[in-house]
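S.K.: Here is my input, please return the structure:
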Amino acid sequence: MPAVVLGLAFLIGVLAFRLVFGLLTRAVAKRDLFWRSLVSRTRRPLRMGLVVFFLAIGVAVAPLDAAWRELAQHALLIAFIILVAWVVYTALNIWTTVRLRKFSLDAEDNFLARKHVTQSRILVRLTGWLLLIVTISAILMTFPGVRQWGVSLLASAGAAGIVVGFAFQPVLKNLIAGIQLAITQPIRIDDAVIVEGEWGWIEEITGTYVVIKIWDWRRLIVPLSYFIEQPFQNWTRDGSSLIGGVLLYLDHCADIGRIRDKMNEICRESELWDGNVCHLQVNDFRERVMEIRILASARNAPRTYDLRCEIREKLITWIQREMPEALPRTRETVSVDAANSVTAPGIEVVGG
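M.R.: Numbering: from 1, shown residues only. Predicted structure coming up:
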C-alpha cells in the first residue's frame with residue numbers, strides 16, 4: 001500500500017510537469033529565441049520540483065512506519081537541497097543571458113562587451129563552485145554523524161585549518177585569482193595579449209585556467225594565478241583600437257615626401273584604417289640605409305595586422321615601380337693605380 005501511494009504521487013508529479021511544461025512551451029512558441037531557450041533551461045528543475053512536491057505529499061499521507069517515514073523525509077530533504085542549488089544556478093545563468101543580450105563580441109568596437117562578458121563568466125563559474133561546496137556541505141550536515149564530526153573539527157580548527165590550507169593551496173590560489181580577475185579585469189575575453197612570448201587572444205576564462213588562442217590556432221593553457229603574479233602584455237586593455245608599425249629600410253637618397261604622400265593615399269583607400277593614426281617618420285640612420293617607421297591604426301588587433309601587411313605590400317610595390325633608386329644599394333670607392341687603366345662601366349672615378 002505505501003509503495004502504491006508513493007508511485008501514484010510520482011506519476012502525478014510527472015503528469016503535472018508535462019501539463020505545466022506544455023502550457024509554457026505553447027505560451028512562448030511564437031516569441032523570440034530567448035524565451036524559448038528560457039523555458040527549455042527550466043525544464044529539468046521544474047520536473048524535479050514538481051516530483052519532489054508530490055512525493056512529499058505522498059510520504060505525508062502514506063501509511064509508513066516511523067523508520068521508513070524518517071528515511072523518506074531525509075531523502076526528500078536531500079532532493080530539496082539539490083533542487084534549491086539547481087534553481088539558483090539556473091537563475092544565475094538566465095540572469096547572465098539577459099544581461100549579455102545587449103552586448104556583442106562580434107562588433108568592431110567590442111570593449112564594453114568584452115568587459116561584461118568576462119566579468120559575468122568568471123562570476124558564474126565561481127558561484128557554481130561555491131554552490132557545489134555549499135550544497136555538499138548542507139547534504140552532509142543532514143546526517144547526524146557527519147554533523148557531530150563537523151562540530152569536533154571546528155573545536156580543533158586551528159591546526160586543521162593550517163593543514164587544509166596547505167593541501168588546497170593551488171585551488172584557493174586560483175579561486176582568489178578568479179575573484180581578483182572579475183573585479184580588476186587585467187584580462188578580458190577577446191583581449192590581444194603576449195604571454196610567454198606567444199601572441200594571441202583570450203578565448204576562454206574558466207574557474208581555474210585561461211585558454212589563449214595563438215595566432216596559428218594553437219591553444220596556450222595558463223592558470224588563473226599567472227595573470228596576478230606574472231607580467232604579461234595586454235594590447236587591448238583600455239580599448240580595442242591598436243596602432244601597428246611597419247619598418248622599411250631604404251637608401252639615403254629616397255624621397256621621403258613622395259613616400260609619405262603615397263602612404264597617406266594607401267591609408268585613405270584602405271577599408272581597414274580607422275581614420276585616426278597614419279604617420280611616417282625617419283626613425284634611424286645607419287651606414288648603408290635609413291630606417292623608416294610607419295604607424296597606422298585600426299579598430300582591433302586582426303584588422304591592425306592586416307593593415308600593416310597591406311601598407312607594406314603596396315608601398316614596396318610602388319617603390320619598386322616608381323622609385324627604384326630608393327631601394328638599398330651598396331656603394332664602394334675603388335682606387336685605380338695605373339693612369340691608363342680602364343674602369344668597368346658604372347664605376348665613377350673620384351678625385352681624378
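S.K.: Residue 102 belongs to a helix, doesn't it?
M.R.: No - secondary structure of residue 102 (DSSP: H, G, I helix; E, B strand; the rest coil): coil, not part of a helix.
S.K.: For it, give its distance to residue 258.
M.R.: According to Cβ to Cβ, to the nearest Å, residue 102 and residue 258 sit 48 Å apart. Any C-beta I mention is one placed from the backbone N, CA and C, and that applies to glycine too.
S.K.: Residue 228 now?
M.R.: Taken as Cβ to Cβ, the span from residue 228 to residue 258 is 50 Å.
S.K.: what does residue 125 give?
M.R.: 56 Å.
S.K.: Over to residue 271?
M.R.: Separation of residue 271 from residue 258 (Cβ to Cβ): 24 Å.
S.K.: which of those two has more neighbours?
M.R.: Per other Cβ atoms under 10 Å, whichever of residue 271 and residue 258 has more neighbours is residue 258, with 14 against 9.
S.K.: how about the more buried one, what does it touch?
M.R.: Contact criterion Cβ atoms under 8 Å, 6 or more residues apart in numbering gives 322, 323 as the residues in contact with residue 258.
S.K.: average pLDDT for stretch 71-82?
M.R.: Within the predicted structure, the mean pLDDT of stretch 71-82 is 88.
S.K.: oh, I was asking about stretch 281-291
M.R.: Stretch 281-291 shows an average pLDDT of 90 in the prediction.
S.K.: any chance you could map the helices in the stretch 101-250 of the chain?
M.R.: When secondary structure is read from DSSP state H, counting those that start in this stretch, the stretch 101-250 of the chain shows helices at 111-140, 144-155, 157-167, 169-184, 226-229.
S.K.: Just the pLDDT for residue 248.
M.R.: In the prediction, the pLDDT value recorded for residue 248 is 93.
S.K.: That one contacts residue 318, doesn't it?
M.R.: No - between residue 248 and residue 318 there is no contact, the gap being 11.4 Å when judged by Cβ atoms under 8 Å.
S.K.: These two: who's more crowded?
M.R.: Between residue 248 and residue 318, counted using other Cβ under 10 Å, residue 248 has the larger neighbour count: 22 against 16.
S.K.: Pull the contacting residues for that one.
M.R.: When contacts are counted by Cβ under 8 Å, 6+ apart, residue 248 touches 291, 292, 294, 312, 315, 316.
S.K.: Kindly report the same for residue 318.
M.R.: For residue 318, the contact set (Cβ under 8 Å, 6+ apart) comprises residue 262.
S.K.: Kindly report the same for residue 195.
M.R.: Residues in contact with residue 195, defined by Cβ under 8 Å, 6+ apart, are 212, 220, 222, 226, 232, 233.
S.K.: just the buried members of the residues you listed?
M.R.: The neighbour-count criterion (16 or more other Cβ atoms under 10 Å) marks 212, 222 among the contacts of residue 195 as buried.
S.K.: and of the contacts of residue 195, the nearest to residue 28?
M.R.: Distances from the contacts of residue 195 to residue 28 were compared by Cβ to Cβ; the smallest belongs to residue 212, at 38.5 Å.
S.K.: Backbone dihedrals for the spatially closest residue to residue 124 that is not a sequence neighbour, please?
M.R.: The shortest distance from residue 124 to any residue other than its chain neighbours is 5.5 Å, reached at residue 96 (Cβ to Cβ, 6 or more residues apart in numbering). Backbone geometry at residue 96, expressed as degrees, to the nearest 10, gives phi -60, psi -40.
S.K.: so residue 16 touches residue 54, yeah?
M.R.: Yes - judged on Cβ under 8 Å, residue 16 makes contact with residue 54 at a distance of 6.8 Å.
S.K.: Could you check which of those two is surrounded by more residues?
M.R.: Between residue 16 and residue 54, counting by other Cβ under 10 Å, residue 54 is the more crowded of the two (21 against 16).
S.K.: for the nearest residue to that one once chain neighbours are set aside, helix, strand, or coil?
M.R.: Closest residue to residue 54 apart from its sequence neighbours, by Cβ to Cβ, 6+ apart: residue 13 at 3.7 Å. Put simply, residue 13 is helix when judged by three-state DSSP.
S.K.: can you pull the contacts of residue 13?
M.R.: When contacts are taken as Cβ under 8 Å, 6+ apart, residue 13 is in contact with 50, 51, 52, 53, 54, 55.
S.K.: Now with 7 Å, please.
M.R.: 50, 51, 53, 54, 55 (Cβ atoms under 7 Å, 6 or more residues apart in numbering).
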